[in-house]
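Participant: how would this look folded up:
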Amino acid sequence: MGRREELLKIVTKNGTDEEVKATQLVDELVFVEERLRELKKLPFIKVNPKDPSQQKTTPAAKQYKELLQQYNNSLKLLLKMGGDFGETEEESPLRQWLNSRKEREEDVDVES
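Facilitator: Sure, this is the predicted structure:
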C-alpha cells in the first residue's frame with residue numbers, strides 16, 4: 001500500500017464519500033512529503049570556514065520550514081475530514097464560564 005492509499009484510508013474509514021473531496025489534498029500531502037525528504041538531504045546551515053561562529057541558514061532550511069508548516073496544516077485538515085482530529089477537544093474554561101453565565105441570565109429572564 002502506497003502513502004497515497006494510506007492517507008485516503010484515513011478519510012474513508014467511516015465509509016463516507018469524503019475521498020473525492022480529499023483526493024487533491026492527499027496528492028498535495030504526498031508531494032510535500034517527497035519534497036521534504038529531498039530537502040532533508042541538503043545542508044540547512046552554512047558555516048563560514050574562517051570563522052565557525054558565523055553561520056547562516058540556507059534557502060533549503062527556509063523552504064523546509066515553510067513546507068513543514070504547510071504539511072502540518074494540511075494534515076490537520078485531512079484528519080478533521082476523517083474525524084480523527086478534534087473529537088476529544090474539550091471546551092475551554094473561559095467558554096464554560098461564559099456558557100454558565102449565559103444560562104444563568106436565561107434562567108433569570110424566564111423567572112421575571
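Participant: contacting residues for residue 55?
Facilitator: 45, 46, 47, 48 (C-beta atoms under 8 Å, 6 or more residues apart in numbering). (C-beta placed from N, C-alpha, C; glycine too.)
Participant: rerun at 6 Å
Facilitator: Residue 55 is in contact with 45, 47, counting by C-beta atoms under 6 Å, 6 or more residues apart in numbering.
Participant: how close does it sit to residue 31?
Facilitator: 30 Å (C-beta to C-beta, to the nearest Å).
Participant: ok, now residue 45?
Facilitator: 26 Å.
Participant: all helices of the chain, in order?
Facilitator: 3-12, 18-40, 59-82, 93-111 (DSSP state H).
Participant: reformat those as TSV; add mean pLDDT and mean neighbour count.
Facilitator: Listed next are these as TSV, based on pLDDT from 0 to 100; neighbours: other C-beta atoms under 10 Å:
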stretch	mean pLDDT	mean neighbour count
helix 3-12	79	16
helix 18-40	87	14
helix 59-82	91	15
helix 93-111	78	10
